[in-house]
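>>> Pasted the sequence and its predicted model underneath.
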Amino acid sequence: MDTITQLKEKLRGIKRMIKWFLNQSSFVNRLGYRASNAILELPCVIDSPEGVYLYENTRLRSNCCILNSPERKVIINKYSVIACGCTFITNGHKSTVSIPHIILGASHINDKSGDIIIGEDVWVGANCTFMPGINIGRGAVIGSGALVTKDVPPYAVVVGSPAKIVAKKFELDDIIRHEQHLYSESERMTKQELDKIFEANFQGKKVFGTNQPLTSDDNLRLQSVKRSFRFIEPF
């Protein structure tokens with residue numbers, strides 16, 4: 001390959017990179033809502049940016065894919081983190097006689113669709129998939145690779161395909177303490193609400209998290225990370 005050909009090939013590569021960057025960055029300013037400190041890592045794919053809402057103190061990591069129709073929303077509430085490679089699908093399609101699938105999907109005929117809502121303080125592991133109409137409760141943990149096909153209650157830990165509850169995030173008293181740190185009084189779940197959740201979902205389930213007190217070194221690291229993330233204090 002001569003020098004001129006090599007130069008042309010490099011220029012074509014640069015043009016492809018510029019085009020990719022413009023395509024990637026063009027949707028960032030068209031999101032339905034993006035808090036000033038919400039972190040959106042590129043590259044990622046978002047079909048309808050106007051239907052995506054990233055609230056305060058959230059992070060959507062790279063290589064995520066949001067396949068949402070213009071009529072459907074994906075909402076990620078405060079304190080939540082979505083790890084790399086996750087997929088959100090707001091529209092499923094029911095096979096229909098006489099319509100080939102390439103047209104069925106694009107036309108949204110006989111869709112099974114619904115918004116996807118990620119509650120506050122949710123941790124989603126890498127490569128998870130969320131199906132249409134799913135609501136993930138506050139404080140839940142979604143294990144890596146999970147296929148989430150139904151709602152997840154608050155403070156549940158789910159894994160697998162399809163995802164199932166395997167643990168609770170904290171004991172009830174620790175959840176109450178946790179919420180006192182993260183939420184104003186009007187936002188906190190009541191003990192009665194939590195009692196019902198525990199009775200319905202967590203009988204015999206192990207505890208995932210810890211209530212170990214923070215050391216002075218832990219607190220120093222915590223303050224450093226808050227500054228780097230421009231963390232907005234709860235109240």
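Okay, I see it.

>>> Next, residue 171: phi, psi?
phi -70, psi 160 (degrees, to the nearest 10).

>>> Could you list the alpha-carbon positions for stretch 3-10 in PDB?
Only the C-alpha atoms of stretch 3-10 are listed here, as PDB (Å, rounded to 0.1, in the frame of the first residue of the first chain):
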ATOM      1  CA  THR A   3       1.800   6.400   1.100                       C
ATOM      2  CA  ILE A   4      -1.200   8.200  -0.600                       C
ATOM      3  CA  THR A   5      -3.400   5.200  -0.200                       C
ATOM      4  CA  GLN A   6      -2.400   4.900   3.500                       C
ATOM      5  CA  LEU A   7      -3.200   8.600   4.000                       C
ATOM      6  CA  LYS A   8      -6.600   8.200   2.400                       C
ATOM      7  CA  GLU A   9      -7.400   5.200   4.600                       C
ATOM      8  CA  LYS A  10      -6.400   7.200   7.700                       C
END
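
>>> Quick check: chain neighbours aside, which residue is closest to residue 187?
residue 179 (7.8 Å; C-beta to C-beta, 6 or more residues apart in numbering). To be clear about C-beta, it is placed using only N, CA and C from the backbone, and glycine gets the same treatment.

>>> by contact count, what packs against the helix or strand in which the one you found is found?
For residue 179, the element it lies in under DSSP states H and E is helix 172-182. Where contact means 3 or more C-beta pairs under 8 Å, 6 or more residues apart in numbering; DSSP states H and E, helix 172-182 is packed against helix 191-201.

>>> who's in contact with the helix it packs on?
137, 153, 154, 155, 156, 165, 168, 172, 175, 176 (C-beta atoms under 8 Å, 6 or more residues apart in numbering).
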